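Chemist: For reference, the sequence and a predicted model appear below.
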Amino acid sequence: MLTKDSNIYQKIIGIEDYLNSKFLEREALISLLLLTVLSGQNMFILGKPGVAKSEIVYQASLLFKKVRIFRYLLTKYTTPEEIFGSISLDELKKGRFYRRISKKLADVEIGFLDEIFKGNSSILNSLLMIANEKIYINDTEVVKVPLISLFGASNEIPDEEEMEELQALYDRFTIKFIAEPIKDFKNFSKLLLQDENQLQIENELLLELNDVLTIHDKAMEITPGQKVLNLIYEVREYCYENNYYVSDRKFKNILTILKVCAFVNGRSDIVAEDLFLLPYMIWEKPEDFATIENDIHNIILDHIFNSILSNISIRISNSFSSFINELIISTNNQYNEYTKCYSYLKPKQKEDLVIQYRLVREYLYKINRIIDQLTTELSSYQLKYNLRYYHLVYQKILFTINNKLTEFSDYQIKLSELNDKIQSALQEEDKI
């Protein structure tokens, strides 16, 4: 587990601070870039030209010591020799189709292929084993490549017809990110005035290759708890119900990233907050991302909300709000009927109203306890995070708790008013 006193922790924070000062409005992307490398996974970045897709990957890769990088812009005319190395003439004379792979993709720790889907099928098919199994077949020799992570970028994704051929490669990218232009005016102004020569990082903050391997190995010792496994399964069911295909291999890779995420954030277990990353690992079509993100975040937020309430042994279902609103409406109707009906109908109406009154009091008690618990949670809630992405997660959780608090406070007022006026009416009837 990484603590704030850890040397590796200081390096990660230093790298994030440096990259975020250099690339504005890229907190999530930068955290995901680091997680991609630290977990040995692959990442695809989608975005229009000029949003720094290539540069951010390159600058991030420079922050790892003794890590070799291979970068290339693919076109439909790119040949396998450009990516994997030229054929050895000496070996060809011996009847072997053997490539000189030195300094090419199969001989580096980080690879970056720009406009990746513009490559021809012979190149893209050769990437499958390198990206997943981390091996390259050089003639008859199986070469274990040192590749840690493969990054791909593109201005567009393949259309449906092309995707049929490229689905296997597309699925190798565990994390996918949609990069957008800077939106905030102040950040845009900073970008225009930024002097990149002044942005430097201290050499001692660079991550060693051994740091990467240590983080990965230590993180793999983490065993997810049953609650987290249940939550992942709930997300999986959501994906199947909505026809978002996520392979079993992808879920295995997702779990690897979640373990690294927990370890880097100084924890020995995966928590629900880590799963806020899942939308970046599930979407395939850009137009689906916003819906997937909203739905999955709601699943996680509901889990977190009910975990908070578990301390008072109360669980809120999705239909709770509807039930309370219906209770308020029906009780008001019962009260109105009771106050307006003739005396010979009073006993029956009173009996019905008393039942409603007891129900109101029961849920008023529950809501008062919920409000007390949420108020306590707001004052004490702390999310253990090192990665900057968790600042965004933290804000979203607090925003949700505040909204829930407002919602239940409104219910409290309405139920209290009902309770008081029914109590008053019943007491008045008893006097008569």
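Modeler: Alright, I've got the coordinates. Residues are numbered from 1 along each chain as shown.

Chemist: Might you list the low-confidence residue ranges for the protein?
Modeler: Scanning the chain for pLDDT under 70 picks out 1-5, 196-199, 341-346, 383-385, 429-432.

Chemist: Which residue ranges make up each domain of it?
Modeler: 1-219, 221-313, 315-431 (automatic domain parsing).

Chemist: Can you add mean neighbour count and give these back as JSON lines?
Modeler: C-beta: built from backbone N, CA, C; applies to glycine. Shown next, in JSON lines, are these (neighbours: other Cβ atoms under 10 Å):
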{"stretch": "domain 1-219", "mean neighbour count": "17"}
{"stretch": "domain 221-313", "mean neighbour count": "17"}
{"stretch": "domain 315-431", "mean neighbour count": "15"}
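
Chemist: any idea where the helices of the stretch 251-400 of the chain begin and end?
Modeler: Ranges of helices within the stretch 251-400 of the chain are 279-282, 289-309, 320-340, 346-380, 389-431, based on DSSP state H, counting those that start in this stretch.

Chemist: would you list these in a markdown table and tack on distance to Leu62?
Modeler: Shown next, in a markdown table, are these (distance: least, Cβ to Cβ, whole Å):
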| stretch | distance to Leu62 |
| --- | --- |
| helix 279-282 | 23 |
| helix 289-309 | 29 |
| helix 320-340 | 51 |
| helix 346-380 | 41 |
| helix 389-431 | 21 |
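
Chemist: quick one: contacts of stretch 155-166?
Modeler: 46-49, 115, 117, 121, 124, 170, 284-286 (Cβ atoms under 8 Å, 6 or more residues apart in numbering).

Chemist: How about stretch 70-81?
Modeler: Outside stretch 70-81, the residues that reach it (Cβ under 8 Å, 6+ apart) are 54, 58, 82-83, 87, 99, 103-105, 107-108, 110-120, 122-123, 126.

Chemist: 10 Å instead?
Modeler: 54, 57-58, 61, 82-83, 86-87, 99-100, 103-120, 122-124, 126, 147, 150-154 (Cβ atoms under 10 Å, 6 or more residues apart in numbering).

Chemist: start to end distance for that stretch?
Modeler: Terminal residues of stretch 70-81 lie 14 Å apart, using Cα to Cα, to the nearest Å.

Chemist: What sits closest to Asn132 if chain neighbours are left out?
Modeler: Of all residues not flanking Asn132 in the chain, Arg172 sits nearest, at 5.3 Å (Cβ to Cβ, 6 or more residues apart in numbering).

Chemist: Return the residues in contact with the one you found.
Modeler: By Cβ under 10 Å, 6+ apart, the neighbours of Arg172 are 41-42, 44, 127-132, 150, 152, 249-250, 253.

Chemist: Make JSON lines out of the residues you listed and add distance to Thr331.
Modeler: Conversion of the contacts of Arg172 to JSON lines gives the following (distance: Cβ to Cβ, whole Å):
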{"residue": "Gln41", "distance to Thr331": "54"}
{"residue": "Asn42", "distance to Thr331": "57"}
{"residue": "Phe44", "distance to Thr331": "54"}
{"residue": "Leu127", "distance to Thr331": "64"}
{"residue": "Leu128", "distance to Thr331": "63"}
{"residue": "Met129", "distance to Thr331": "66"}
{"residue": "Ile130", "distance to Thr331": "66"}
{"residue": "Ala131", "distance to Thr331": "61"}
{"residue": "Asn132", "distance to Thr331": "60"}
{"residue": "Leu150", "distance to Thr331": "61"}
{"residue": "Gly152", "distance to Thr331": "59"}
{"residue": "Arg249", "distance to Thr331": "53"}
{"residue": "Lys250", "distance to Thr331": "49"}
{"residue": "Asn253", "distance to Thr331": "52"}
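
Chemist: Narrow those to those in strands?
Modeler: Those of those mapping onto strands are 44, 150, 152, per DSSP state E.

Chemist: ok now do the last one, which residues does it touch?
Modeler: Think Gly152. Counted by Cβ under 10 Å, 6+ apart, Gly152 has contacts 42-46, 53, 57, 74, 111-117, 119, 127, 131, 169-170, 172-173, 176.

Chemist: where's the closest residue to it other than its chain neighbours relative to Leu105, distance?
Modeler: Once flanking residues are discounted, Gly152 sits nearest to Ile116: 3.7 Å by Cβ to Cβ, 6+ apart. Distance of Ile116 to Leu105, given as Cβ to Cβ, to the nearest Å: 12 Å.

Chemist: So for the two, which residues contact both of them?
Modeler: 72, 123, 127, 150.

Chemist: does the spatially closest residue to the third one that is not a sequence neighbour sit in a helix, a strand or a coil?
Modeler: Looking back up the chat, that one is Leu127. Closest residue to Leu127 apart from its sequence neighbours, by Cβ to Cβ, 6+ apart: Leu169 at 5.9 Å. At Leu169 the chain is in helix, as set by DSSP: H, G, I helix; E, B strand; the rest coil.

Chemist: That'll do, ta.
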